[in-house]
Each structure stands twice: as structure tokens, then as C-alpha cells.
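K.L.:
Attaching a predicted model along with its sequence, questions to come.
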Amino acid sequence: QVQLVESGGGLVQNGGSLRLSCVTSGRTFTDVSMGWFRQAPGKERDVVATINPSGTTFNYAHFVKDRFTISRDNAKNTVYLQMNSLKPEDTAVYYCNYGVRTTTPTPIASPYWGQGTQVTVSS
């Protein structure tokens, strides 16, 4: 069974930065795409960014383009999300997803999630 542990969330001011990390274990990391999703209170969980197994292809939601960067270190079984120019509307719980499907127009999450990390951006 795959396990995912996110970290790096916190409270930051408008315009600030955070770097999220997600360490995976239990299954092969290098064979799958990874994704970051977020869920704000009362809203659905939305995809934020995805990255292919080799780390060469990325896709971003329109609301984070040019502000967030997804990357991965296959030697460390870790995927990252660098978040810059944060806005209050970025406040949410951020989740990583192991094996997100990226061959469809809208990425489809797998059943494998971490516990999430809270990101709060103050205005």
C-alpha cells in the first residue's frame, strides 16, 4: 500500500512563498505521474499541478500558472510544490496524489492521497 506524507504548509502573508513536499513509500515512485490538489472549505478538491514520471512534463491549473512550480526528485521519492506570490484565495488544504491520470483533458486522481497540509494566506 502506498503512503504519502505532505509537509511544508503554514501561515503566510499575501505575496509570500511556501514549498510543499510529499514523500511517498510502499510503491514504485518513478513509474507514475504525481499531482497536487487543493480543497478549500465548502469547495470541491481541485487539481493544482501534475508532473509526469520523468519530471519533464508539467500541467498547471490556470489559477496558479506562473506562480507555482511542481517538481520531483525520483531519488528521494518526493514531489514538491513551490508556491510564490501567494494570495488569500490560495488558502486550502493541499494534497498530493500518487498515480494521477494525466491522459485525459482533466486530470483524474487515483485513490492514493496523503493526509494533506494546510496553507493559509493572510490578507
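P.N.:
Great, that's in hand. Numbers count the residues shown, from 1 in each chain.
K.L.:
Going by C-alpha atoms from here, please, whenever you check contacts or count neighbours.
P.N.:
OK.
K.L.:
middle-most residue in the protein, spatially?
P.N.:
Nearest to the mean C-alpha position of the chain, by Cα atoms, centre = their mean, lies W36 at 2.1 Å.
K.L.:
Which neighbouring residues are in contact with the closest residue in space to I51 that isn't next to it in sequence, exactly?
P.N.:
Leaving aside its sequence neighbours, I51 sits nearest to F58 (Cα to Cα, 6 or more residues apart in numbering; 4.7 Å). Residues in contact with F58 (Cα atoms under 8 Å, 6 or more residues apart in numbering) are A49, T50, I51, N52, I70.
K.L.:
Where do the strands of the chain begin and end?
P.N.:
Ranges of strands within the chain are 3-7, 10-13, 18-25, 34-39, 45-51, 58-60, 68-73, 78-83, 92-98, 117-122, based on DSSP state E.
K.L.:
now for those, which one comes closest to A109?
P.N.:
strand 92-98 (6.5 Å; Cα to Cα).
K.L.:
So what touches the closest one?
P.N.:
Taking Cα under 8 Å, 6+ apart as the rule, strand 92-98 contacts 2, 4, 6, 22, 32-41, 109-120.
K.L.:
And for stretch 107-122?
P.N.:
2-14, 22, 35, 47, 50, 86-102.
K.L.:
again, only using 6 Å
P.N.:
Here stretch 107-122 makes contact (Cα atoms under 6 Å, 6 or more residues apart in numbering) with 4-7, 9-14, 88, 91-101.
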